[in-house]
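S.K.: What follows is a predicted structure for the sequence shown.
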Amino acid sequence: MARIGFIGLGNMGLPMALNLIKAGHTVEGFDLNRDSVEKLVAGGGASMESAQIAASRAEIVVTMLPSGQEVRELYLEPGGIVDSANPGTLLIDSSTIDVATARDVVASAEAKGLTMVDAPVSGGVGGAQGGTLTFMVGGSDSAFEKARPVLEAMGKTIVHAGGPGNGQAAKICNNMILGVSMIAVSEAFVLAEKLGLDAQKLFDISSKSSGQCWSMTSYCPVPGPVPTSPANRDYQAGFTASMMLKDLRLAKEAAGAVQARTPLGAGAAAIYSAYVDSGEGTRDFSGIVNFLRDN
């Protein structure tokens, strides 16, 4: 078992860290939110005074941060994680960020004798709590194999997507599909409603025919057909609309950088931007169905 420094104990990071403790690791955590740190301590972890101290003590560092800017600052600024970690330390960044930042940070880490992977996740808060996350991992073959046992304590599916940054590339491509498909499914249910077609009837048909997709069968945006979907608990977030917008914007940015045409992805970003601007950013992203119904 390893000494792990876990930095970023938010809605996703905290349950991930607690699962590492359950797996037998020693977890020393840091977050600007002291309530989150106290919850880690209550779960058997330890509190660190700073991210740098956590990194300097750890064999493995895991980060779960809001954006590429925070990742760059925390890892690359003088005295940051890259400077503080001991040679040979394994760094795992599970934030969802831009591909360029992921590749820059890995290059800097490797230049200092550190091993690093980018390993963003899919599965939401429920997956983090249940230890069933999917990790999309970018890094060398040896870095991936070193990281795999740690990731397996937090997730169910661990996929090596290729070299540094490819974990982020896989994440934003996947979530562009999800954002577009959720809008399409939501539009279909709104249209069915206006045409007098019962939502359950549409689900019974589309879930078993060519309209079948994850947004329909696992995360249906209207109450009833899928009892576990957020639609049945007033769209309490498993994955917020603001987070979906962030990922769609990352996909749009990446597409621009490599001159890829993604008109549906860009359209989905515009729709989610309007939804978030309406004050619904903390709702589950599947609540877009209500925005489409009302606008």
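M.R.: The structure has been received and is ready for your questions. Numbering: from 1, shown residues only.
S.K.: The nearest residue in space to residue 295 that is not next to it in sequence and residue 160, how far apart?
M.R.: For residue 295, ignoring the flanking residues on the chain, the nearest one in space by CB to CB, 6 or more residues apart in numbering is residue 274 at 7.5 Å. Just so you know, the C-beta spots here come from the backbone N, C-alpha and C atoms, and that holds for glycine as well. According to CB to CB, to the nearest Å, residue 274 and residue 160 sit 37 Å apart.
S.K.: So residue 209: helix, strand or coil?
M.R.: Using DSSP: H, G, I helix; E, B strand; the rest coil, the structure places residue 209 in coil.
S.K.: for residue 35, same thing?
M.R.: Assigned by three-state DSSP, the conformation of residue 35 is helix.
S.K.: dump the residue contacts of it.
M.R.: Counting by CB atoms under 8 Å, 6 or more residues apart in numbering, residue 35 touches no other residue.
S.K.: how close does it get to residue 46?
M.R.: According to CB to CB, residue 35 stands 16 Å off from residue 46.
S.K.: Also residue 105?
M.R.: Distance from residue 105 to residue 46, counting by CB to CB: 25 Å.
S.K.: still on that earlier bit, so for residue 274 and residue 160, which sits in the more crowded spot?
M.R.: When neighbours are counted by other CB atoms under 10 Å, residue 160 comes out ahead of the other of residue 274 and residue 160, with 22 against 14.
S.K.: Check which helix or strand that one maps to.
M.R.: strand 155-162 (DSSP states H and E).
S.K.: before we move on, back to that, on the secondary structure side, give me the element for the residue nearest to residue 295.
M.R.: Going by DSSP H and E, residue 274 is in helix 263-275.
S.K.: and residue 178, what does it touch?
M.R.: The contact partners of residue 178, by CB under 8 Å, 6+ apart, come to 214-215, 244.
S.K.: and what of residue 219?
M.R.: Residue 219 neighbours (CB under 8 Å, 6+ apart): 182, 226, 229-230, 286.
S.K.: try residue 19
M.R.: By CB under 8 Å, 6+ apart, the residues touching residue 19 are 128, 131, 153-154.
S.K.: so it sits in a strand?
M.R.: No - using three-state DSSP, the secondary structure at residue 19 is helix, not a strand.
S.K.: Just the pLDDT for residue 238.
M.R.: At residue 238, the model reports a pLDDT of 86.
S.K.: quick one: low-confidence parts of the protein?
M.R.: Filtered on pLDDT under 70, the chain yields no residues whatsoever.
S.K.: How about the longest helix anywhere in it, which residues are buried there?
M.R.: Secondary structure of the chain per DSSP state H: the longest helix is helix 166-195. Residues of helix 166-195 classed as buried: 166-183, 185-190, 192 (neighbour count, 16 or more other CB atoms under 10 Å).
S.K.: now do stretch 119-133
M.R.: Buried residues in stretch 119-133, counted by 16+ other CB under 10 Å: 119-125, 127-129, 131, 133.
S.K.: Beyond the longest helix of the chain, next helix or strand please.
M.R.: Next element after helix 166-195 (DSSP H and E): helix 199-206.
S.K.: Can you list the helices and strands that that next one packs against?
M.R.: Secondary-structure packing of helix 199-206 (3 or more CB pairs under 8 Å, 6 or more residues apart in numbering; DSSP states H and E): helix 166-195.
S.K.: Could you check how far the helix it packs on is from the centre of its chain?
M.R.: Distance of helix 166-195 from its chain centroid, counting by CA atoms, centre = their mean, to the nearest Å, is 16 Å.
S.K.: how big is the angle separating that helix from helix 263-275?
M.R.: 70 degrees (axes from the mean of the first three to the mean of the last three CA atoms, to 10 degrees).
S.K.: Sounds good, over and out.
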